[in-house]
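S.K.: quick one, fold the following:
(chains A and B)
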Protein chains: 2
Amino acid sequence: MKIAIVGATGAVGQQMLQCLEERNIQADVKLLASARSAGKKFSFMGKELVVEELTENSFKDVDYALGATENDLAKKWIPWANADGVVVVDNSSAFRLCDDVPLVIPEINPEDIKKHNGIIANPNCATIIAMVALHELYKKYHIKRMIVSTYQAVSGAGVKGIQDLESQLKDPNAPRTAFPYQIAYNLIPQIGGFDENGISSEEWKMQNEARKMWHDPNLKVNCTCIRVPVMRSHSESIFIECEEEVNVEEARQLIANGNGTVLKDDPQNKIYPMPLDTTDQDLVFVGRIRKDLTDETGHSMAIWCCGDQIRKGAATNAVQILQELIK
Amino acid sequence: MKIAIVGATGAVGQQMLQCLEERNIQADVKLLASARSAGKKFSFMGKELVVEELTENSFKDVDYALGATENDLAKKWIPWANADGVVVVDNSSAFRLCDDVPLVIPEINPEDIKKHNGIIANPNCATIIAMVALHELYKKYHIKRMIVSTYQAVSGAGVKGIQDLESQLKDPNAPRTAFPYQIAYNLIPQIGGFDENGISSEEWKMQNEARKMWHDPNLKVNCTCIRVPVMRSHSESIFIECEEEVNVEEARQLIANGNGTVLKDDPQNKIYPMPLDTTDQDLVFVGRIRKDLTDETGHSMAIWCCGDQIRKGAATNAVQILQELIK
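M.R.: The predicted structure follows:
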C-alpha cells in the first residue's frame, strides 16, 4: 500500500507523517510538495523519505492520499489523484460541503466514509474540536443552538503563523506574513474573509459543517472567531441550548466516558482545560461545565474546551479517516 | 483641595496619578501605600511626590480619596477615611453591591453619584468595558440577556500579572506570582474563585454590577471569563437578546455617536477592535456588529469590543467619578 501526503512540508503535512508513524500504519509513504520543497528529506519509521514535486503524474503508484494544501491547489491535484483511482482524505475546505463528498469526524459519523466517491473531506479545526467536545451532549440532549466564541492558535495559519508569533514576541516590528496585524500581545477578530453580513468564512464553517456531520439541517450556530497568541491548541467558550433539559453532573459523566474527550472539570481545585495542556496530543479536554443560569427553563449549558489544532483539528482526524478506509 | 491615592504604587494607582495630571485636576495629591513602598518618589505636574505609609491618621488633611487596594485592605482604610469626612472612590469590589454605595460608570448612571454616603464604588473592569460598549443598545433595544466570553489582559492582576507574562515569555519556567499556571502562550479559564455552581466571582460580577447600574434586576448575564496573554486591554465577545427588534446599521450609528465609544466596524477593510489599539487610551472600541442569525425573531445581535483595563476599566473611570464629585 502506498500513501501520499500532499503538502508534506507544512505544519499539517508534517504532523500527518508523524501520526502515520505513531499509529504504525504499514505502508510506503510518498511526500509531495511544490517544486521549491522538492529534495527536502524527512525520516519515517527509520527510513529517509525525499520530498518529490507534485505533478499530474505523482499518483500513478499511489493508493491513498492525505491532502494538506490550500483550496486552490486542492482543486487542482485532487482530480489528478482521483483519475488514477486514488482515494483522497483532504484537509482543505474546497470540497467539504459538496453533496457527494462525506465530511467526517470518526468519533461522530464514521459510517459516512462509505459513501465516498474518491474524496473524504476533513472538517475545519475549530469545528472538529467543538463537535468532539459536544457529541455526547448532542446525542443526549439534542443541541438546537450553539453560541461559540473561539480562541484560535496561530498554528491555524500554518508554519508562517507560528513563525510570526515567535518573531513578533522578540520584535513587535518583525514582518507579518500570516496575519494582517501584529498577533504578539494582541487578538485579531478575523479568521478568513467576511461576507456582506459581517460574518467570516471561519464563523460560517461551524454551522455548515456541524449541520452536515450531525445530519441536522436545523442546527443553529452563531460563532465569533478570534486569533489569540497561543501556539497550537484552539480553545472555545460554548453555550448550548437543547431540546431536552440538561443535567450538569450527567453531562460530566457523558464527557468523561465519551469518545475522544477528557473531562477536566474540578474548577475549585484549579482543574480545567488549558491550551498548553492539550498541545501535542490527540484528545479534546472539556471542563467549566455549568448550567446557563440565564435560561430559566434549564435547557442551556456552558462549556470550555481545548484541543490541539494541528493534531485532532487536522492531521490526526485525517489519519483516523484513513485508518477507517483501510481496515 | 487634597486628593489621596491609596495603593499609589500599583498599576491602577499609578494610572490614577497620570489621569489626574492629564485631566489637569487642580489639587494637592497625597500618595499612600504600604510601609514597604513609603519613600518612593513620583512626579506629578512637575512636582515630586513622596509616598507615605497608609495609617489611620493619613486622612486628616484629605478631601477625596481614590482607592486602588485589594478588598481586605479597602475594608480597613475606607472607614478611617470616612471618619475624617473623606469621600472615597473605591476600585475594590468590597462595597460595590452594598445598598448605600452607588456603583457608577459616568457615561451610564452619573446621577447615582449624588446618593453616596462617603463611598462611591468603581465597577469591575470587564463590566465597565461591556456596559460602555452596550449602553446605547441597551437604551434603544432593552437588552434582556447577555452571553459574554471575555479575553482579559494580564494587567487585571496588576503589576505582577504584567511581570509574569514578560518573564514567562523569556523563560516559561519563570516564577508564577499572579496566576496559578503559565500564562505565556496559554489561556487560563479562571479569574477569581469558583462557587458551588462552577461560576467564578469575576463571572458573577457582570450580572450583579450591570443589574445595579442599569437599575434592571431582571437582566440576565452568562459570562465565561478567560485570562489571555495580552498586556493591558480586555476584549469581549458579546451576544445580546433584546426586548425590541435590533437593526445593525442603526446600532452602528448609536455606537458611533455614543458616549465613550468608538465605532471600528468595517471588517471587509480589516477595521475592527483589537486590544493593542485600545491600549493606553480611554475609549472603548466596538465592532464586528452583526445580527445573530440563530435567533430568527431578529431580537439578537453579536458584538466584539476592546478597552484599556487599567484606564477605562479602572483608573479613568474612578477619576471621572471624582470629576463629577468636584464639579
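
S.K.: scan chain A for its longest helix.
M.R.: helix A:125-141 (DSSP state H).

S.K.: backbone phi and psi for the nearest residue to A:Glu236 once chain neighbours are set aside, please?
M.R.: Setting aside the residues directly before and after it, A:Glu236 is nearest to A:Thr150 in space (Cβ to Cβ, 6 or more residues apart in numbering or on different chains), at 5.0 Å. Quick note: C-beta positions are derived from backbone N, CA and C, even for glycine. Phi and psi for A:Thr150, reported as degrees, to the nearest 10, are phi -100, psi 160.

S.K.: around chain B, which positions in the stretch 201-327 of chain A sit nearby?
M.R.: A:220-222, A:224, A:226, A:228-231, A:235, A:237, A:239, A:248, A:265, A:267-268, A:270, A:272-276, A:287-294, A:302, A:304, A:306 (Cβ under 8 Å from any Cβ of the partner chain).

S.K.: kindly recompute the last result at 6 Å.
M.R.: When proximity is defined as Cβ under 6 Å from any Cβ of the partner chain, the stretch 201-327 of chain A approaches chain B at A:220, A:222, A:224, A:228-231, A:235, A:237, A:239, A:267-268, A:270, A:272, A:274-276, A:288, A:290, A:292, A:294, A:304.

S.K.: tell me how many other residues surround the residue nearest to A:Glu236.
M.R.: When neighbours are counted by other Cβ atoms under 10 Å in any protein chain shown, A:Thr150 registers 28.

S.K.: A:Asp216 now?
M.R.: Neighbours of A:Asp216 (other Cβ under 10 Å): 14.

S.K.: and what about it, helix, strand or coil?
M.R.: What DSSP: H, G, I helix; E, B strand; the rest coil gives for A:Asp216 is coil.

S.K.: distance check, it against A:Gly258.
M.R.: Applying Cβ to Cβ, to the nearest Å, the value for A:Asp216 to A:Gly258 is 18 Å.

S.K.: now the stretch 201-327 of chain A, which segments are flagged as low pLDDT?
M.R.: For the stretch 201-327 of chain A, applying pLDDT under 70 flags no range at all.

S.K.: quick one, strands of the stretch 201-327 of chain A?
M.R.: In the stretch 201-327 of chain A, the strands defined using DSSP state E, counting those that start in this stretch lie at A:220-224, A:233-242, A:261-263, A:284-291, A:300-308.

S.K.: redo those strands as TSV? Include mean neighbour count.
M.R.: Formatted as TSV, the strands of the stretch 201-327 of chain A follow (neighbours: other Cβ atoms under 10 Å in any protein chain shown):
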stretch	mean neighbour count
strand A:220-224	24
strand A:233-242	26
strand A:261-263	20
strand A:284-291	26
strand A:300-308	27
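
S.K.: got the buried residues for the longest helix of chain A?
M.R.: A:125-138, A:141 (16 or more other Cβ atoms under 10 Å in any protein chain shown).

S.K.: residues in contact with the residue nearest to A:Glu236?
M.R.: A:Ala126, A:Cys225, A:Ile226, A:Glu236 (Cβ atoms under 6 Å, 6 or more residues apart in numbering or on different chains).

S.K.: now the phi/psi pair for the third one, please.
M.R.: In this case it means A:Ile226. phi -130, psi 130.

S.K.: hang on, isn't it packed against A:Gln190?
M.R.: No - with contact defined as Cβ atoms under 6 Å, A:Ile226 does not count as touching A:Gln190 (8.5 Å).

S.K.: in the sheet, who's paired with the residue of the stretch 51-200 of chain A found nearest chain B?
M.R.: Nearest residue of the stretch 51-200 of chain A to chain B (Cβ to the nearest Cβ) works out as A:Ser149 at 3.6 Å. Under DSSP bridges, the beta-bridge partners of A:Ser149 are A:Thr224, A:Ser237.

S.K.: restricting to C-alpha, output stretch A:57-64 in CSV.
M.R.: Extracted C-alpha coordinates of stretch A:57-64, given in CSV (Å, rounded to 0.1, in the frame of the first residue of the first chain):
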residue,chain,number,x,y,z
ASN,A,57,1.9,12.1,-12.7
SER,A,58,2.5,11.9,-9.0
PHE,A,59,-0.3,9.5,-8.3
LYS,A,60,0.3,6.5,-10.7
ASP,A,61,1.7,4.3,-7.9
VAL,A,62,-0.4,5.7,-5.0
ASP,A,63,-3.4,4.1,-3.2
TYR,A,64,-4.5,6.8,-0.8
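
S.K.: any chance of the strands of the stretch 201-327 of chain A in JSON lines, with distance to B:Phe194 too?
M.R.: Formatted as JSON lines, the strands of the stretch 201-327 of chain A follow (distance: least, Cβ to Cβ, whole Å):
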{"stretch": "strand A:220-224", "distance to B:Phe194": "25"}
{"stretch": "strand A:233-242", "distance to B:Phe194": "16"}
{"stretch": "strand A:261-263", "distance to B:Phe194": "16"}
{"stretch": "strand A:284-291", "distance to B:Phe194": "9"}
{"stretch": "strand A:300-308", "distance to B:Phe194": "13"}
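
S.K.: now the longest helix of chain A against strand A:284-291, angle please.
M.R.: 50 degrees (axes from the mean of the first three to the mean of the last three Cα atoms, to 10 degrees).

S.K.: and for helix A:125-141, what's in contact with it?
M.R.: Taking Cβ under 6 Å, 6+ apart as the rule, helix A:125-141 contacts A:105, A:107-108, A:150, A:205-206, A:209-210, A:234, A:236, A:242, A:244, A:246, A:251, A:254-255, A:258, A:260, A:284, A:286, A:305, A:307, A:309, A:313-314, A:317.

S.K.: average model confidence for that helix?
M.R.: Mean pLDDT, computed over helix A:125-141, is 98.

S.K.: ok, the residue nearest to A:Ala157 when sequence neighbours are not counted - contacts?
M.R.: Among residues not flanking A:Ala157 along the chain, A:Ala178 sits closest, at 3.9 Å (Cβ to Cβ, 6+ apart). Residues near A:Ala178 by Cβ under 6 Å, 6+ apart: A:Ala157, A:Lys160, A:Gly161, A:Asp164.

S.K.: between the residues you listed, which is nearest A:Glu324?
M.R.: Using Cβ to Cβ, A:Ala157 comes nearest to A:Glu324 of these, at 28.7 Å.

S.K.: that's a helix at that closest one, yeah?
M.R.: Yes - A:Ala157: assigned to a helix according to three-state DSSP.

S.K.: could you report the pLDDT at it?
M.R.: So, for A:Ala157, pLDDT stands at 96.

S.K.: tally of neighbours for it?
M.R.: 20.

S.K.: ok, now the one 3 residues further on?
M.R.: A:Lys160 has 17 neighbours, counted by other Cβ under 10 Å.

S.K.: list the contacts of A:Val101.
M.R.: A:Phe95, A:Ile119, A:Ala121.

S.K.: cool, thanks, signing off.
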